[in-house]
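> Kindly return the folded structure for what I paste below:
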Amino acid sequence: MQANVGDKLVVHGHVVGQGNKKAEIIEIRGADGAPPYLVRYDDGHEHLVFPGPDAVIEPAPR
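Predicted structure coming up:
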């Protein structure tokens, strides 16, 4: 998984009725765009994330 600052990390819900979680990548702590990522959710809280296989990167508009 490779990302850039400003991209969105989308984690798909695991349970029927549970929506996806989307967060903006604000810092990349791995080498060459690799995880872990520091992300900011819409409610403003920040979290260090090691994305699993249920996560995808949505590139930011360039």
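> Quick check: which ranges of the protein have low pLDDT?
When residues are selected by pLDDT under 70, none of them lie in the chain.
> Just give the number of residues close to Ile57.
Using other CB atoms under 10 Å, Ile57 has 17 other residues around it. For glycine as for every other residue, the C-beta is placed from the backbone atoms N, C-alpha and C.
> Not counting its own residues, what contacts the top strand by length along the chain?
Across the chain, the longest stretch assigned as strand under DSSP state E is strand 21-28. Strand 21-28 has contacts (CB atoms under 8 Å, 6 or more residues apart in numbering) with 3-11, 13, 34, 37-42, 46-47, 49, 57-58.
> change it to 6 Å
3, 5, 7-11, 37-41 (CB atoms under 6 Å, 6 or more residues apart in numbering).
> Would you mind extracting the C-alpha trace of it into CSV?
C-alpha atoms of strand 21-28 as CSV (Å, rounded to 0.1, in the frame of the first residue of the first chain):
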residue,chain,number,x,y,z
LYS,A,21,-14.9,5.1,7.6
LYS,A,22,-13.0,7.7,5.7
ALA,A,23,-10.0,9.8,6.9
GLU,A,24,-7.5,12.1,5.4
ILE,A,25,-3.8,11.1,5.6
ILE,A,26,-1.9,13.9,7.2
GLU,A,27,1.4,12.2,7.8
ILE,A,28,3.2,9.1,6.5
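> Just checking: what are the partner strands of it?
Applying DSSP bridges, strand 21-28 is found paired with strand 8-11 (antiparallel), strand 37-41 (antiparallel).
> Out of those strands, which one sits most buried?
Highest mean neighbour count among those (mean count of other CB atoms under 10 Å): strand 37-41, with a mean of 18.
> what's downstream of it, the next helix or strand?
Where DSSP states H and E defines the elements, the next helix or strand beyond strand 37-41 is strand 46-49.
> Can you spell out which helices and strands pack onto that next one?
Applying 3 or more CB pairs under 6 Å, 6 or more residues apart in numbering; DSSP states H and E, we find strand 46-49 packed against strand 37-41.
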